[in-house]
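>>> Below: sequence and its predicted model.
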Amino acid sequence: MTVEKFGHIDGLVSNAAVSPAMGRIIDLTDDQWAKIFDINVKSAWQLVKEAHPYLKKNASIVIVSSIGGFQPTFPISAYGVSKTALLGLVKALAVELGAEGIRVNGLCPGLIKTRFSGELYATPELEKQAAGRTFLFKLGVASEMGGVATFLLSDDASYVTGENIVASGGTTSHL
């Protein structure tokens, strides 16, 4: 519909995630592993591939990864591994699409209070523990990620590409 109305795409955000199983990676079934990578990684690649012909010069792509991509954590380690793959996808696409004037960046949220992550802060004790791992001693909310994505899509970030921006309240992040 966007292409029909405007003829091109200026900005694209890929934000797909699933974690159908919790526990040790070694205990996952082949189907669980495949679903995690199909939704979390393959769908991002497919979205960019489908949109590519319509992305104009100076377009911006934001791929949502996770703080878990820097350090996968139990009991959602497989989810973290899939998000690590997205960190690399951002870097590779930035190199490949830069000559076309297309910027590609990643947004790596920390623990955000959503239905998806609810089990990670389901009790006051779990929430306090999770918040205590941040420098701000609080969990994030979705609207806080919107501002970061908006910046990355805007002309204010016209010289930013190939970066994975962490917005985690200060949770330690490094590979």
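Received it, and whenever you're ready, just let me know what you need. On a predicted model such as this, the values are computed, not experimentally measured, just so you know.
>>> Identify the residues contacting the longest helix anywhere in the chain?
Selection of the longest helix in the chain by residue count, based on DSSP state H, yields helix 77-98. Identification of contacts with helix 77-98 by Cβ atoms under 8 Å, 6 or more residues apart in numbering yields 17-19, 21, 24-25, 28, 32-33, 36-37, 40-41, 44-45, 48, 52, 55, 61, 63-66, 68-73, 103-106, 108, 161-164, 175. From N, CA and C alone the C-beta is placed, and that goes for glycine too.
>>> so where's the protein shaky on pLDDT?
Scanning the chain for pLDDT under 70 picks out 116-122, 174-175.
>>> got the phi/psi numbers for Gly170?
The phi/psi pair for Gly170 (degrees, to the nearest 10) reads phi 100, psi 10.
>>> Quick one: residues contacting it.
Counted by Cβ under 8 Å, 6+ apart, Gly170 has contacts Thr134, Phe135, Leu136.
>>> just checking, which of the residues you listed belong to helices?
Nothing among the contacts of Gly170 maps onto helices, per DSSP H.
>>> Now a ChimeraX select for only the buried ones of these.
Selection of the buried residues among the contacts of Gly170 in ChimeraX, burial being defined by 16 or more other Cβ atoms under 10 Å:
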select :134
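>>> ok so, going back, what residues sit buried inside the longest helix of the chain?
Neighbour-count burial for helix 77-98 flags 77-87, 89-91, 93-94, 97 (criterion: 16+ other Cβ under 10 Å).
>>> Show me where this structure has its helices.
Under DSSP H, the chain gives helices at 2-6, 30-37, 43-51, 77-98, 124-131, 142-153.
>>> In a markdown table: these, plus distance to Ile112.
Below are these laid out as a markdown table (distance: least, Cβ to Cβ, whole Å):
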| stretch | distance to Ile112 |
| --- | --- |
| helix 2-6 | 26 |
| helix 30-37 | 19 |
| helix 43-51 | 18 |
| helix 77-98 | 13 |
| helix 124-131 | 11 |
| helix 142-153 | 6 |
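>>> Nearest to Leu12 among those helices would be which one?
If you check each of the helices of the chain against Leu12 by Cβ to Cβ, helix 43-51 wins as the nearest, at 5.2 Å.
>>> Regarding the chain, what is its longest strand?
Looking across the chain with DSSP state E, the single longest strand is strand 55-64.
>>> quick one: strands adjacent to that strand?
Here strand 55-64 has these sheet partners by DSSP bridges: strand 9-14 (parallel), strand 103-109 (parallel).
>>> Contacts for that strand, please.
Residues outside strand 55-64 that contact it (Cβ under 8 Å, 6+ apart) are 8-15, 17, 44, 48, 51, 86, 89-90, 93, 97, 100-109, 145, 149, 152-155, 157-158.
>>> Thanks a lot, see you next time.
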